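[1] fold the stuff below for me.
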Amino acid sequence: MNRTFGWMAACSAALLLAACGGGGSGGSGFLPGATTPPATTTPTPAPKVSVDDLAAGSYVVSTGDAGAPTVGKYYAAADGSRLLVFGDSDDRAKQSYRRDAGGAWVGVPASDKDVSVTLLQSHGLADAGVVDLAKLAGRYRTQTTAGVVADFSVAADGAIVAGSSACKLSGKLSAGVLPNTLKLGLSASTDTCGGLPASASGVLAADTDYAPARFRLLADDGTRLVDLWAYSE
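    I've put the predicted structure just below:
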């Protein structure tokens, strides 16, 4: 009887020692060792882009310093789709902002901070309308910003077919929602086309003030802009 009582007392003492973290190291007792909760990080919100809204139509717009404004083209569809393109001193696209119907504005190239585009002036273009794809069928020549020349043709069904030049452009045109435009999917041979992305999407814009160019291919791959002025051969 005394031996039984002594064994129970010894076990009770051992349990108490284990519960208090004694009698060994590394959490070898009956109670689990304390754990540190994993560190959590709060994701940085993506920069927001806002652009002054204009009614459906196509426009020449300006922004920035009134003394030396940046000029661009603004295309607005009735469904809420928008495209705004600002050019550099050579009339090449340097910044674009686009918005799909029901979506948010996206800037290309993207900014690492919030962007708010306020328009100084906007002048509507009288020729805003639907582009007749069949009338664009023919052969064209363009030049990339790197100075690489590319020949291509447009078929009546909207296919873009590469020509004999080293830079190969191909793709597809289809009906667009923005005025004076067609929807564009474009592919390029990246090793011979002066840094063009392998694939990009955007629009063919056919404003009359682009003359003598027949039209302009404006697209991006989400990071880089493509701006090709096409001239009839």
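
[2] so what touches the one helix or strand L184 maps to?
    Taking DSSP states H and E as the criterion, the element that holds L184 is strand 181-188. For strand 181-188, the external contacting residues (C-beta atoms under 8 Å, 6 or more residues apart in numbering) are 75, 83, 131, 133, 136, 158, 160, 167-177, 196-206, 217-219, 226. Any C-beta I mention is one placed from the backbone N, CA and C, and that applies to glycine too.

[3] from the chain's centroid, how far away is the helix or strand just after it?
    Per DSSP H and E, strand 181-188 leads on to strand 199-205 as the next helix or strand towards the C-terminus. Centre-to-centre, strand 199-205 and its host chain are 12 Å apart (C-alpha atoms, centre = their mean, to the nearest Å).

[4] compute the inter-axis angle for strand 199-205 and strand 181-188.
    Put simply, strand 199-205 runs at 150 degrees to strand 181-188, going by axes from the mean of the first three to the mean of the last three C-alpha atoms, to 10 degrees.

[5] alpha carbons of stretch 151-159, in PDB - could you do that?
    The C-alpha trace of stretch 151-159 is given here as PDB (Å, rounded to 0.1, in the frame of the first residue of the first chain):
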ATOM      1  CA  ASP A 151       5.700  44.400 -95.500                       C
ATOM      2  CA  PHE A 152       2.300  42.800 -95.000                       C
ATOM      3  CA  SER A 153      -1.100  42.500 -96.600                       C
ATOM      4  CA  VAL A 154      -4.600  42.600 -95.300                       C
ATOM      5  CA  ALA A 155      -7.200  40.200 -96.800                       C
ATOM      6  CA  ALA A 156     -10.900  41.000 -97.200                       C
ATOM      7  CA  ASP A 157     -11.700  38.600 -94.400                       C
ATOM      8  CA  GLY A 158      -9.400  40.500 -92.000                       C
ATOM      9  CA  ALA A 159      -6.300  38.200 -92.100                       C
END
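
[6] quick one: low-confidence parts of this structure?
    Where the chain drops to pLDDT under 70, the residues are 1-37, 39, 128.

[7] relative to A78, how far out is A68?
    34 Å (C-beta to C-beta, to the nearest Å).

[8] out of those two, which sits in the more crowded spot?
    Using other C-beta atoms under 10 Å, the more surrounded residue of A68 and A78 is A78, with 12 against 6.

[9] how's the chain carved up into domains?
    Domains of the chain are assigned by automatic domain parsing as 49-124, 133-232.

[10] winner for burial among those domains?
    Among these, domain 133-232 has the highest mean neighbour count (mean count of other C-beta atoms under 10 Å), at a mean of 18.

[11] so for it, first residue to last residue, what's the gap.
    Domain 133-232 has an end-to-end distance of 15 Å (C-alpha to C-alpha, to the nearest Å).

[12] and the closest residue to V51 other than its chain neighbours, what does it touch?
    Residue nearest to V51 in three dimensions, not counting chain neighbours: V117, with 4.3 Å by C-beta to C-beta, 6 or more residues apart in numbering. If you count contacts by C-beta under 8 Å, 6+ apart, V117 has them with 49-52, 63, 84, 97.

[13] tell me the two of these that are most distant?
    Farthest apart among the contacts of V117 by C-beta to C-beta are V49 and T63. That separation is 13.3 Å.

[14] picking up where we left off before, how much space is there between the residue nearest to V51 and W105?
    Distance of V117 to W105, computed by C-beta to C-beta: 8 Å.

[15] so P47 makes contact with V115?
    Yes: if you go by C-beta atoms under 8 Å, P47 and V115 touch, sitting 6.6 Å apart.
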